[in-house]
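Enquirer: I'll drop the sequence and a predicted model, then ask my questions.
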Amino acid sequence: QHRAISIGLGGLYPTPEVVRAVLAPQEGVIKRILDLGCGSGVWCTEMAREFPHCEVLGVDLAPMPVFPGQMPPNCKFEMNDVNRGLEHLQGMYDVVHARAIGMGLKDFRKSLQQVVGCAKPGGIVIWMDGDYDFYS
């Protein structure tokens with residue numbers, strides 16, 4: 001899924017000029033990236049390598065297999081459920097990324113507010129999802 005989306009986007013994220021501007025290094029400012037529903041952690045790892053001056057946090061329901069020596073030092077993971085709230089992450093991130101998490105959300109509107117709330121003022125949210133309704 002990650003590779004297919006990256007090929008379709010032509011990279012790790014849409015609007016590269018916006019993402020790069022938001023994550024541009026600033027003296028005395030720590031830039032942070034959050035990936036909600038990070039799955040295998042591949043997006044987090046690739047972002048951590050592309051933006052070594054940023055702190056990257058991946059959040060998922062399942063524990064991440066971390067292989068010493070392969071994980072960038074600026075990339076960390078947390079086991080958590082978006083449905084239980086994201087209060088501890090509010091207002092901390094320059095880029096908030098969520099991809100294909102909609103089907104697992106119990107209250108979409110509440111979760112959307114929480115996800116948007118994780119962004120710092122001037123930060124951005126990148127949410128890519130699909131329509132999970134079945135049609136005949």
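Expert: Perfect, thanks for sending it.

Enquirer: contacting residues around the helix or strand bottoming out on mean pLDDT in the chain?
Expert: Of all regular secondary-structure elements in the chain, judged by mean pLDDT, DSSP states H and E, the least confident is helix 2-9 with a mean of 83. Counting by C-beta atoms under 8 Å, 6 or more residues apart in numbering, the neighbours of helix 2-9 from elsewhere in the structure are L12, G39, S40, V42, W43, R99, M128. Yep, even glycine has a C-beta here, placed from its N, CA and C like the rest.

Enquirer: from E27, how far off is the spatially most central residue of the chain?
Expert: The residue lying closest to the centre of the chain (C-alpha atoms, centre = their mean) is D35, at 1.8 Å. Here D35 is placed at a distance of 26 Å from E27 (C-beta to C-beta, to the nearest Å).

Enquirer: before we move on, what about D60?
Expert: The gap separating D60 from E27 is 33 Å, by C-beta to C-beta.

Enquirer: just to revisit the earlier point, in three-state terms, label the residue nearest to the centre of the chain for me.
Expert: The local conformation at D35, judged by DSSP: H, G, I helix; E, B strand; the rest coil, is strand.

Enquirer: residues contacting it?
Expert: When contacts are counted by C-beta under 8 Å, 6+ apart, D35 touches G41, W43, C44, M47, V56, L57, G58, V59, H97, A98.

Enquirer: are any of these buried, and which?
Expert: Among the contacts of D35, those scoring as buried are G41, W43, C44, M47, V56, L57, G58, V59, H97, A98 (criterion: 16 or more other C-beta atoms under 10 Å).

Enquirer: give me the neighbour count for G130.
Expert: Residues within reach of G130, counting by other C-beta atoms under 10 Å, total 9.

Enquirer: wait, it touches G102, no?
Expert: Yes - the pair G130 and G102 passes the contact test of C-beta atoms under 8 Å, sitting 7.2 Å apart.

Enquirer: which residues do the two both contact?
Expert: Contact criterion C-beta under 8 Å, 6+ apart; residues shared by G130 and G102: none found.
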